[in-house]
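Asks: what's the 3D shape of this:
(one chain, ligands or ions: 1)
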Amino acid sequence: MKLYELTIHELRRLLAQGETTAAEVTASIYERIKKLEPKVAAYLSLSEEIAMEEARGWDKRGFGDKTKPLAGVPLAVKDVICTMGIRTSCGSNILANFVPPYDATVTLKLKQAGGILLGKTNMDEFAMGSSNENSAFGPTRNPWNLKYIPGGSSGGSAAAVAADECIAALGSDTGGSIRQPASHCGVVGFKPTYGRVSRYGLVAFASSLDQIGPISKDVTDAALLLQVIAGYDERDSTSVPKEVPDYTESLVQGLKGITFGIPREYFVEGLEPEVEKAVREAIKTLEELGGKAIEVSLPHTEYGVAAYYIIAPAEASSNLARYDGVKYGHRDREGKTLLEMYRRSRSEGFGAEVKRRIMLGTYVLSAGYYDAYYKKALQVRTLIREDFLEVFKKCQVLVAPVAPSAAFSLGSKVDDPLQMYLSDVFTLPASLAGIPGISVPCGFTSEGLPIGLQILAPHFEEGLALQVAYNLEQNTDFHRRRPPL
Ligand code: GLN
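Replies: Down below sits the predicted model:
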């Protein structure tokens, strides 16, 4: 096995036994990155010098400290998460030169745990998108087929993990941006409960939905990373002061006594037959492992896309008002008046999709339309949340597809935003409800593109989602396959 192929837990074992060094592993990953980046384009920036220095530091200090569970582990971080002294562009021209003066809480936690930051990964501009094609710096490509999108908006992180250009990564999920790219790239992606992980230092898209989570090569690594980043943070008023359980305890074999809900509304027209087949196979495997499947209904599912694409742009239009060229970000030098400077800075700095969201958002929040759109969408959001609360009285977890299709080809949906939005149909409801959801590999299409299974759990029951995902993973070998790069 190559060093860059290792998972966190495998690498940690080898480091502890002295069979490799952090410097060796880090160097092997940078070599891999240099070889593959011309094809994959998963990274927007690399911090090789600092990383190598850190790695050598860990090799000197050793790997015995139990409070440093990531010591010597090279990781990638989505470019929407602030990293002190390292550019954080959000995939946008408006932040193309922004170097944060502070670390996000999760960045700090990774560092404190001993993690080594390899670089920042590509993404749809301000995390708005499902294909990575909205990045101002060009799209990342799917390692399984370079003509296909990796998913979005955390496409860079997912592709980097799939291509072994990092050991694991962080992404962010507002409406599916961790789960969908993980599914399309054949890796594990876990969006925790809203409030489980601090958003401090995560550049805001839609603050009532944004959540950071792990993207990894297997479920064990997802548990290990979540363990490090989860927990209350006084710097984020929406982070929840709730004890963080030991997630590795969830990684147990067997599913006796677990009832899965199979939501009828997630198996409808538009779901590609190959995806449905792989998901149904996975459900069969889970049943063989002792779980019991029941059909359930989440009746407001069909309104999820509409509600999300009102609420998220509304919040975005407000959050993105801060980019005015004054304190940071791109500033136009030609404008003669203050207003002209604002207008020109924003017109030049933002891409088409971001502008579309800002316009949609300001429209639905405007005096005459607020009640008809924004308020209605919030009411629908409550109904969607209640659907989940109701259904979780009958089952512990829900099992469903992540996306209606496998990855689509580059360029095939860029001119049709509605088609693009519809690809989020199965990930948006969990985001609106704030519940945790994991994507775990469950098959491949006949073309060789990965398919993910989505497991949703009640608020703060991350452990249950991990347990079910782990059982599927340990009884299949999809996560062991490597893309033909
Ligand atoms: N694809 C969705 C959007 O464009 C979700 C993005 C996300 O989760 N950040 O808004």
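
Asks: which residue is the nearest non-sequential neighbour of Asp447?
Replies: Let me fix one detail, which is that residue 447 is Glu and not Asp. Asn145 (7.2 Å; CB to CB, 6 or more residues apart in numbering). Where C-beta positions appear, they are placed from N, C-alpha and C, glycine not excepted.

Asks: can I assume the one you found is in contact with Thr445?
Replies: No. Using CB atoms under 8 Å, Asn145 makes no contact with Thr445, being 10.1 Å away.

Asks: quick one: the helices in the stretch 1-150 of the chain?
Replies: Taking DSSP state H, counting those that start in this stretch as the test, the helices found in the stretch 1-150 of the chain are 8-16, 22-40, 48-61, 105-112.

Asks: would you turn those into CSV with mean neighbour count, mean pLDDT and distance to Arg344?
Replies: CSV is the format used below for the helices of the stretch 1-150 of the chain (neighbours: other CB atoms under 10 Å; pLDDT from 0 to 100; distance: least, CB to CB, whole Å):
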stretch, mean neighbour count, mean pLDDT, distance to Arg344
helix 8-16, 20, 98, 46
helix 22-40, 19, 98, 33
helix 48-61, 16, 98, 35
helix 105-112, 21, 98, 32
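
Asks: which one of the ones you listed lies closest to the ligand?
Replies: Relative to the ligand, the nearest member of those by CB to the nearest ligand atom is helix 105-112, separated by 15.7 Å.

Asks: the ligand contacts on the protein?
Replies: Residues of the chain lying close to the ligand by CB under 6 Å from any ligand atom are 127-130, 153, 173-177, 205, 312, 424.

Asks: rerun that using 8 Å as the cut-off
Replies: 124, 127-130, 152-154, 172-178, 180, 205-206, 209-210, 308-309, 312, 353, 357, 420-421, 423-424, 427-428, 431 (CB under 8 Å from any ligand atom).

Asks: so which of the residues you listed sit within strands?
Replies: Among the residues of the chain next to the ligand, the members falling in strands (DSSP state E) are Ser172, Asp173.

Asks: now the residues of the chain next to the ligand: which count as buried?
Replies: Neighbour counting with 16 or more other CB atoms under 10 Å marks 124, 127-130, 152-154, 172-178, 180, 205-206, 209-210, 308-309, 312, 353, 357, 420-421, 423-424, 427-428, 431 as buried within the residues of the chain next to the ligand.

Asks: which residue packs closest to Asn122, ignoring adjacent ones?
Replies: Nearest one to Asn122, counting by CB to CB, 6+ apart, is Gly156 at 3.2 Å.

Asks: quick one: contacts of stretch 95-110?
Replies: 70, 75, 77, 81-90, 111, 117, 136, 170, 197-198, 200-203, 212, 228-229, 233, 235-236, 323, 328-330, 349 (CB atoms under 8 Å, 6 or more residues apart in numbering).

Asks: how long is it end to end?
Replies: One end of stretch 95-110 sits 23 Å from the other (CA to CA, to the nearest Å).

Asks: same thing with stretch 172-192?
Replies: End-to-end for stretch 172-192, by CA to CA: 10 Å.

Asks: please apply the same query to stretch 209-225.
Replies: OK, stretch 209-225 end separation, CA to CA: 20 Å.

Asks: isn't Tyr308 right up against Ala430?
Replies: No. If you go by CB under 8 Å, Tyr308 and Ala430 don't touch, sitting 10.8 Å apart.

Asks: so how far is Gly329 from the residue nearest to Glu447?
Replies: Using CB to CB, to the nearest Å, Asn145 is found at 35 Å from Gly329.

Asks: can you check Ser131 too?
Replies: 24 Å.

Asks: neighbour count: those two, which is higher?
Replies: Shown here are Ser131 and Gly329; by other CB atoms under 10 Å, Ser131 has more neighbours (30 against 21).

Asks: test my guess that the more buried one contacts Met420.
Replies: Yes. Here Ser131 reaches Met420: they are 6.8 Å apart, a contact under CB under 8 Å.

Asks: quickly list what's touching both of those two.
Replies: Lys413, Val414.

Asks: closest residue of the stretch 351-485 of the chain to the ligand?
Replies: Closest point on the stretch 351-485 of the chain to the ligand, by CB to the nearest ligand atom, is Asp424, at 4.7 Å.

Asks: spit out the contact partners of that residue.
Replies: Neighbours of Asp424 in contact, by CB under 8 Å, 6+ apart: Ser130, Gly175, Gly176, Gln180, Val305, Tyr308, Ala403.

Asks: and if we set it to 10 Å?
Replies: 129-130, 152, 174-177, 179-180, 304-305, 308-309, 312, 403-404, 431 (CB atoms under 10 Å, 6 or more residues apart in numbering).

Asks: how close does the residue of the chain most remote from its centre sit to Gly257?
Replies: Distance from the centre of the chain peaks at Lys336, with 41.2 Å (CA atoms, centre = their mean). Distance of Lys336 to Gly257, given as CB to CB: 71 Å.

Asks: distance check, Gly434 against Ser208.
Replies: To Ser208, Gly434 is 8 Å away according to CB to CB.

Asks: neighbour-wise, which of those two wins?
Replies: The residue with more neighbours, out of Gly434 and Ser208, is Gly434; 21 against 16, by other CB under 10 Å.

Asks: how about that one, nearest residue that isn't a chain neighbour?
Replies: Nearest one to Gly434, counting by CB to CB, 6+ apart, is Tyr194 at 3.7 Å.
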